[in-house]
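> for reference, the sequence and a predicted model appear below.
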Amino acid sequence: MYRSWLEVSLSQIEANFRAIRKVAGAGVTVMPVVKADAYRHGAVEVSRVLEEAGARWLAVSNVHEGIALRESGITSRILVMADFLPANRPLFLDYDLTPAIHSLEGIRDYERLAVLAGKSAAFHLKIDSGMGRLGTRASAGEILDVLGETRAARLEGLMSHFASAPNYTTSQTDEQIAVFTGVLNKLKEGGVDPALVHLSSTVPVAYGRTEAWGNLVRPGHAIYGYVSPAKGASSACAVEVRPALTWKATVLEVKDVPGGAAIGYGGIYTTSRETRIAVLGVGYADGYPHRLSNKGQVLLQGKAVPVLGAVSMDLTTVDVSGLTVAPGDSVTLLGVDGSESIDAQQIAKLAGTISYSVLCGISSRVVRLYV
Ligand SMILES: *Cc1c(COP(=O)(O)O)cnc(C)c1O
């Protein structure tokens, strides 16, 4: 028995991948993003299922995530999107990982390493089309100059990333597409035609911004069953995906306290009448947000019951008045119970954060089970 655990549905992950592939269509490769331990769903298990379902590419953030996949037998291409640290560069060649390079210096250095290793080494070049984060802001001419001197390092993909994809009230995405397309066209005029062109994470795929797809898309959130709501006049969401993760916690103790009793750290909640409380074996050290203090809800016997007082490091108290509950019973923190459900977006809203942060914030202390 565990204090708190995750139940991950690998068949739902696979169904989500297939739903995205269907929307993307035959000419667009879907590269699932399995960084951050597959948004806490388990990178190895998720990658195995996706590979079996036909994924030819996977994306991670850092080289060590890529190595862990290689060491567990994943043979798909792996794009490492945000780790081209000088000290880690040789590892790309050792483990057959594909870097997203984000500077001209990076291309020159990768060329040097590939020559040294006697290998042809594919890389993707990330363009900063206006997000102002990773990516080169060099001109197409400068990029062509460097590519003209590279032999062993081979530009396979040109990529970028959007800052405001769900926001249809700003022109930022269109401007980024224009900047990116400008660079791509000039590279083509210069005789460089990357085989893969990609800019889109979940949102531009889900809302059908097809001009941003190129021939490869990089969904993460949707693989796990989530699409952020769009702001403004977007098309309807075209991908039908469902959350694959359920998060549960066990009741450690149940007791009746009188009216006027303070509950938990700081006494920030006081009962207004006799109240039956259940103390759960989960807290912010497990990733249950502290910001859900006096705000969160969990599901028990098909009902939503409120969090009372402060979420503490290892414990959270809920109001179970009127219910018959015993130690060892389980509650659902995230998932479905009867006709009630709570997903990461609802938790995020209550906690003043984003659903990505709720999922990635579930700590490794929470045991993961596959169903
Ligand atoms: C995380 C990430 C993605 C996936 O984003 P989602 O919104 O989860 O689909 C795609 N591309 C890059 C560069 C990323 O960092």
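Nice, thanks for sending it over. Numbers count the residues shown, from 1 in each chain.
> quick one: the helices in the stretch 201-350 of the chain, in order.
202-206, 344-351 (DSSP state H, counting those that start in this stretch).
> and those helices: which comes nearest the ligand?
Of all the helices of the stretch 201-350 of the chain, helix 202-206 sits nearest to the ligand, with 3.1 Å by C-beta to the nearest ligand atom. Backbone N, C-alpha and C define where each C-beta goes, glycine included.
> what is the mean pLDDT for that closest one?
Taken as a whole, helix 202-206 has an average pLDDT of 98.
> show me what that helix is packed against.
helix 10-24 (3 or more C-beta pairs under 8 Å, 6 or more residues apart in numbering; DSSP states H and E).
> got the residues of the stretch 151-300 of the chain near the ligand?
Counting by C-beta under 6 Å from any ligand atom, the residues of the stretch 151-300 of the chain lying close to the ligand are 161, 201-202, 218-221.
> ditto for the stretch 1-150 of the chain
Applying C-beta under 6 Å from any ligand atom, one finds that the stretch 1-150 of the chain approaches the ligand through 33, 35, 81.
> narrow these to those in helices?
With helices defined by DSSP state H, the entries of those inside them are Lys35.
> out of the helices of the stretch 201-350 of the chain, which is the most enclosed?
When these are scored by mean count of other C-beta atoms under 10 Å, the highest mean neighbour count falls to helix 202-206 (a mean of 25).
> Glu7 - how many residues pack around it?
Counted with other C-beta atoms under 10 Å, the neighbours of Glu7 add up to 16.
> try Asn167
Asn167 has 17 neighbours, counted by other C-beta under 10 Å.
> what pairs with it across the strands?
Counting by DSSP bridges, Asn167 forms beta bridges with Lys231.
> that one and Val279, how far apart?
41 Å (C-beta to C-beta, to the nearest Å).
> rewinding a little: what would the residues of the stretch 1-150 of the chain next to the ligand look like in JSON lines with distance to Val239?
As requested, these are arranged in JSON lines below (distance: C-beta to C-beta, whole Å):
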{"residue": "Val33", "distance to Val239": "14"}
{"residue": "Lys35", "distance to Val239": "20"}
{"residue": "Met81", "distance to Val239": "21"}
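> that older thread, let's have the helices of the stretch 201-350 of the chain in JSON lines, adding distance to Thr98.
Output for the helices of the stretch 201-350 of the chain, formatted as JSON lines (distance: least, C-beta to C-beta, whole Å):
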{"stretch": "helix 202-206", "distance to Thr98": "21"}
{"stretch": "helix 344-351", "distance to Thr98": "30"}
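> for Val367, find the nearest of the ones you listed.
Of all these, helix 344-351 sits nearest to Val367, with 18.5 Å by C-beta to C-beta.
> and the next helix or strand past that closest one?
Heading C-terminal from helix 344-351, the first helix or strand you meet, by DSSP states H and E, is helix 355-360.
> who are the packing partners of that next one?
The elements that helix 355-360 packs onto, with contact taken as 3+ C-beta pairs under 8 Å, 6+ apart, are helix 35-39, helix 344-351.
> buried residues in the very next helix or strand once past that helix, which are they?
Using DSSP H and E, the next helix or strand after helix 355-360 towards the C-terminus is strand 367-370. Buried positions in strand 367-370, judged by neighbour count with 16 or more other C-beta atoms under 10 Å: Arg368.
> got it, and stretch 230-250?
The neighbour-count check on stretch 230-250 (16+ other C-beta under 10 Å) flags 230, 234, 237, 239, 241, 243-250 as buried.
> and it, how far apart are its ends?
With C-alpha to C-alpha, to the nearest Å applied, stretch 230-250 spans 35 Å between its terminal residues.
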